[in-house]
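Undergrad: Make a model of this:
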Amino acid sequence: MEIIIREAQTDDSAIILECIRGLAVHVNQLEMLTATEQDIRNSVFRPGSHVKVFVAETGEKKICGFTLIFKTFSTFKASTNYHIEDLFVFPEYRKLGVGLKLLKHVKAFAQKEGAKTVDWYVNNRNTSAIEFYRKAGTKKLDYKSIYYMDV
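TA: Residues are numbered from 1 along each chain as shown. Take a look at the predicted model:
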């Protein structure tokens, strides 16, 4: 199956929301989803947005997955890097290499932008993602815990 990865456009907002909803269902956190299509338009696609979205598209122009990334900074490396906030492939397209193509695209994009690393968090309950990343040859950090505060 032909899959191309391209940068998302404003008109992709509805399908991006469907990808986000699919991810929320997959990790049993649908109740946490409050984003709307308009929220996506206003945040992801506003001028100066720090977010990039790439979509995986079939030869028939059907979106089958997405990834959302943003810039971060490493003080230890004194370099701008990228963080993957989400990567999702619709169930009917899994095991076809779509996720790996999305990962490789992000890596190539980050390299072109001069980044040293790309990182992401994985929900501990998402065992299929953990296995996918392990098979993809990625590295796992074991020396950090994530803390946050609501604002």
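
Undergrad: Any idea how many residues pack against the residue nearest to residue 146 when sequence neighbours are not counted?
TA: Distance criterion CB to CB, 6 or more residues apart in numbering; nearest residue to residue 146, sequence neighbours excluded, is residue 121 at 6.6 Å. Yep, even glycine has a C-beta here, placed from its N, CA and C like the rest. For residue 121, the count of nearby residues is 12 (other CB atoms under 10 Å).

Undergrad: Counting neighbours, what do you get for residue 110?
TA: 19.

Undergrad: now the strands: where do they sit in the protein?
TA: 3-7, 51-58, 63-74, 79-89, 118-120 (DSSP state E).

Undergrad: Need these in CSV (columns: distance to residue 43, mean pLDDT and mean neighbour count).
TA: CSV is the format used below for those (distance: least, CB to CB, whole Å; pLDDT from 0 to 100; neighbours: other CB atoms under 10 Å):
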stretch, distance to residue 43, mean pLDDT, mean neighbour count
strand 3-7, 16, 98, 15
strand 51-58, 7, 98, 20
strand 63-74, 10, 97, 19
strand 79-89, 12, 95, 19
strand 118-120, 19, 95, 16
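
Undergrad: So for residue 23, which of those sits nearest?
TA: For residue 23, the closest of the strands of the chain is strand 79-89, at 4.2 Å, according to CB to CB.

Undergrad: Mind giving me the packing neighbours of the closest one?
TA: Counting by 3 or more CB pairs under 8 Å, 6 or more residues apart in numbering; DSSP states H and E, the packing neighbours recorded for strand 79-89 are helix 13-26, strand 63-74, helix 98-112, strand 118-120.
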